[in-house]
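Trainee: 3D, please:
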Amino acid sequence: MNPNIRNFCIIAHIDHGKSTLADRFLEYTGTVSKREMKSQILDQMDLERERGITIKLQPVRMNYQAEDGDEYVLNLIDTPGHVDFTYEVSRSLAAVEGAVLLVDATQGVQAQTLANLYLALDENLTVIPVINKIDLPNAQPEVVRDEIVNLLGCRPEEVLTASGKTGDGVREVLEAVVAKVPPPTGNSSAPLRALIFDSIYDSYKGVVAYVRVIDGAIQRNDNFRMIATEAGGEVLEVGYFRPKMIQAETLQAGEIGYIVTGFKDIEQCRVGDTVTVDDFFEQKVVSLDGYREVRPMVFAGIFPKEGNDYERLRESMHKLKLNDASLTFDPEHSAALGFGFRCGFLGMLHLEIVQERLRREHGMEIVVTLPSVAYEVSQTDGRQLVAKSPIELPDPSRIASIAEPWVKVDIVSPKDYLGAVMALAQEKRGIYTNTEYLITGSDGSSRAVIHYDLPLASILVDFYDKLKSVSSGYASLSYELSGYRSADVVRLDILVNGDPAEALSMIVYRDAAQREGRRVTERLKETLPRQQFEIRIQASVGSKVVASSRIAPYRKDVTVGLYGGDATRKQKLLEKQKKGKKRLGKGGRVDIPPEAYLAVLKR
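Mentor: Reported below is the predicted structural model:
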């Protein structure tokens with residue numbers, strides 16, 4: 001095993017400069033030439049560049065000539081920062097020995113800084129704290145250094161400073177990685193064991209597995225097997241990332257790279273599985289721990305806009321699942337929308353990204369139902385069920401009790417906004433736990449971490465936007481599932497011209513049903529296109545209508561051609577038009593466009 005290998009990743013809150021600092025690493029080590037260099041080069045998707053956020057983890061190998069005269073192989077994994085992509089971060093951390101904890105010099109420690117730090121400490125990784133963006137005019141590196149020292153318990157001189165934009169401090173960070181991150185441990189002569197931490201599907205090569213080799217070695221034409229799925233075959237190609245795939249002769253213990261499996265069946269390769277030699281049963285190879293099973297937070301239905309696109313959607317979902325291990329989906333049928341999938345996501349941004357990737361990467365036109373959380377329902381006959389959509393909720397007469405998921409929420413905010421933040425949490429049915437203050441130098445406590453217990457449903461759609469609003473953009477949010485508690489909720493049905501719009505049904509608190517029904521009916525009134533007949537929009541709980549609205553029909557002046565005669569001629573034409581519109585309204589079907597679903601979704 002090469003003792004000069006260092007495997008590490010960059011972790012931080014969203015928009016603290018991870019990808020920009022990674023750009024400077026690639027430039028400084030000469031991994032990418034100036035001609036090929038572009039901003040955020042490790043963000044491979046157009047969607048990542050447009051939004052300015054990292055969605056997918058991305059590995060890259062760099063060769064670095066250190067000050068001690070030795071050349072080191074640095075395997076870096078760039079990770080996302082948003083709370084919805086925490087699973088990507090946890091998979092990256094399991095494949096490395098060290099983590100660079102990046103903190104913005106203008107913003108200080110944020111919610112995801114804390115969350116990602118705890119993930120790294122759980123993996124017993126070596127943490128190297130770095131203050132980024134020191135070149136900005138409003139940077140406060142000394143204040144942020146005090147925060148990090150109090151958070152980690154390290155010495156002030158151990159906190160490095162850098163600028164991903166100008167390249168200041170990049171060499172010092174790389175030297176710290178070489179000096180502090182331990183080399184990988186493993187046995188080069190033992191049977192092959194490699195952890196799959198990510199994978200993609202290539203139309204020509206089949207499934208490509210991203211692996212961290214723990215023991216042994218693997219090369220082209222070797223026979224391999226997956227321990228969990230027991231699928232196997234011959235290795236078509238091995239290599240590493242710079243950041244494009246570069247073919248290599250072999251992957252040794254401690255290295256990070258890829259294996260071209262040639263699998264066409266996507267289910268044969270799973271993230272967290274262990275790749276080993278073909279005769280692992282005889283050699284008694286023990287599988288690696290893999291990853292904890294991720295639990296979806298948000299559920300929504302995804303249906304093809306055209307019914308005959310279901311098979312294409314299913315294939316697209318499987319390919320997306322290979323590249324996004326936190327996505328879950330099961331077949332679902334709706335009387336209004338046909339065949340589709342009930343999908344589980346880690347949050348609203350995750351749902352939005354999946355929707356956009358299906359449209360861009362796979363050319364799918366889809367309808368997404370309103371998101372909901374999973375409710376545990378106890379029925380009067382003693383049976384239990386999990387309702388992931390409003391349609392799955394039984395008749396009220398058969399429900400004994402309903403429990404909803406709650407989350408532990410950590411909100412980092414300047415102390416000046418504590419009152420507004422706490423008022424927002426109380427409005428969302430939150431239960432206060434406690435407040436911790438971050439010490440920031442001689443001026444005392446300027447920011448705090450507020451801990452709340454909140455229903456997951458109440459923070460789904462607009463909580464983050466309102467939090468940013470009441471804190472003037474300074475507050476940040478992190479949450480994790482804590483358990484289930486009893487809830488008084490009902491199903492709110494939306495009827496358009498008497499026909500239930502299943503995609504718009506939602507589960508709401510009983511005392512908020514009328515307010516929510518009024519909001520939805522008014523929003524639909526604004527977005528549904530007018531027809532030649534009157535459109536009635538109603539919101540109902542069971543058989544009781546709690547809110548309603550109407551869209552007036554288009555009206556043609558049928559009397560424009562009359563010339564003379566008494567008023568009965570005009571009246572006769574108007575009555576005939578009225579009867580025609582009434583007859584048209586009875587059989588008239590209203591197509592709800594995707595914009596209407598999105599309008600209801602955005603509160």
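Trainee: Quick check, residue 476 in contact with residue 114.
Mentor: No. Applying Cβ atoms under 8 Å as the test, residue 476 and residue 114 come out as separate, 9.4 Å apart. The C-beta positions use only the backbone N, C-alpha and C, and glycine is treated the same way.
Trainee: intersection of neighbour lists for these two?
Mentor: residue 412 (Cβ atoms under 8 Å, 6 or more residues apart in numbering).
Trainee: Compare these two and say which one has the larger neighbour count.
Mentor: Under the neighbour definition other Cβ atoms under 10 Å, residue 476 and residue 114 were set side by side, and residue 476 has more, 25 against 18.
Trainee: Bridged to that one, which residues?
Mentor: residue 412 (DSSP bridges).
Trainee: What of residue 408?
Mentor: Here residue 408, judged by DSSP bridges, has bridge partners residue 453, residue 480.
Trainee: Over to residue 72?
Mentor: Bridge pairing for residue 72 - DSSP bridges - gives residue 64.
Trainee: which stretches of the stretch 451-600 of the chain form strands?
Mentor: 476-486, 489-496, 499-500, 506-509, 535-541, 544-551 (DSSP state E, counting those that start in this stretch).
Trainee: So for residue 417, which of the ones you listed sits nearest?
Mentor: For residue 417, the closest of those is strand 476-486, at 11.7 Å, according to Cβ to Cβ.
Trainee: So what touches that closest one?
Mentor: 13, 83, 110-112, 114-115, 295, 297, 376, 401-413, 453-456, 459, 463-464, 467.
Trainee: Let's see that with 6 Å instead.
Mentor: Contacts with strand 476-486, where a contact means Cβ atoms under 6 Å, 6 or more residues apart in numbering, come from 83, 110-112, 115, 376, 403, 405-412, 464, 467.
Trainee: Can you get me a residue count around the residue nearest to residue 181 when sequence neighbours are not counted?
Mentor: Closest residue in space to residue 181, ignoring its immediate chain neighbours: residue 98 at 3.2 Å, by Cβ to Cβ, 6 or more residues apart in numbering. Residue neighbour count, defined by other Cβ under 10 Å, stands at 19 for residue 98.
Trainee: Next one: residue 98 from residue 6, what distance?
Mentor: Distance from residue 98 to residue 6, counting by Cβ to Cβ, to the nearest Å: 7 Å.
Trainee: And for residue 90?
Mentor: 20 Å.
Trainee: ok, those two, which is more surrounded?
Mentor: Comparing residue 90 with residue 6 by other Cβ under 10 Å, the one with more neighbours is residue 6, at 27 against 20.
Trainee: quick one: contacts for the more buried one?
Mentor: Contacts of residue 6 (Cβ under 6 Å, 6+ apart): 72, 74, 177, 181.
Trainee: how far out from the middle of the chain is the strand or helix carrying the third one?
Mentor: Read that as residue 177. In the assignment (DSSP states H and E), residue 177 maps to helix 170-180. Here helix 170-180 shows a centroid-to-chain-centroid distance of 31 Å under the convention Cα atoms, centre = their mean, to the nearest Å.
Trainee: Helix or strand next in line after it, which one?
Mentor: Next element after helix 170-180 (DSSP H and E): strand 193-202.
Trainee: who's in contact with that next one?
Mentor: Taking Cβ under 6 Å, 6+ apart as the rule, strand 193-202 contacts 91, 95, 207-215, 269, 271, 273-276, 288, 319, 322-323.
Trainee: From those residues, which land in strands?
Mentor: Judged by DSSP state E, these include 207, 208, 209, 210, 211, 212, 213, 214, 215, 274, 275, 276 as members of strands.
Trainee: Which of the residues in stretch 458-471 are classified as buried?
Mentor: Residues 458, 459, 460, 461, 463, 464, 466, 467, 470, 471 are the ones in stretch 458-471 that count as buried (16 or more other Cβ atoms under 10 Å).
Trainee: And the furthest pair within the residues you listed?
Mentor: 460 and 471 (19.2 Å).
Trainee: According to the record, where do the domains of the chain fall?
Mentor: Using the TED database, the domains assigned to the chain come out as 5-180, 193-282, 298-370, 399-477, 491-601.
Trainee: which stretches of the protein form helices?
Mentor: Taking DSSP state H as the test, the helices found in the chain are 18-28, 46-51, 86-93, 111-122, 141-152, 170-180, 280-283, 310-323, 348-362, 418-427, 463-470, 513-527, 567-587, 594-601.
Trainee: Mean neighbour count, the ones you listed: which tops it?
Mentor: For those, the largest average neighbour count (mean count of other Cβ atoms under 10 Å) is found in helix 86-93, namely a mean of 24.
Trainee: circling back to that earlier point, tell me the one of the ones in strands among the contacts of strand 193-202 nearest residue 330?
Mentor: residue 207 (21.8 Å).
Trainee: From residue 316, how far out is the residue nearest to that closest one when sequence neighbours are not counted?
Mentor: Spatial nearest neighbour of residue 207, excluding adjacent residues (Cβ to Cβ, 6+ apart): residue 263 at 4.0 Å. For residue 263, the distance to residue 316 (Cβ to Cβ) stands at 17 Å.
Trainee: do you know how far the closest residue to residue 11 other than its chain neighbours is from residue 90?
Mentor: With sequence-adjacent residues excluded and distances taken as Cβ to Cβ, 6+ apart, residue 11 is closest to residue 116, at 4.1 Å. Distance, residue 116 to residue 90, using Cβ to Cβ: 9 Å.
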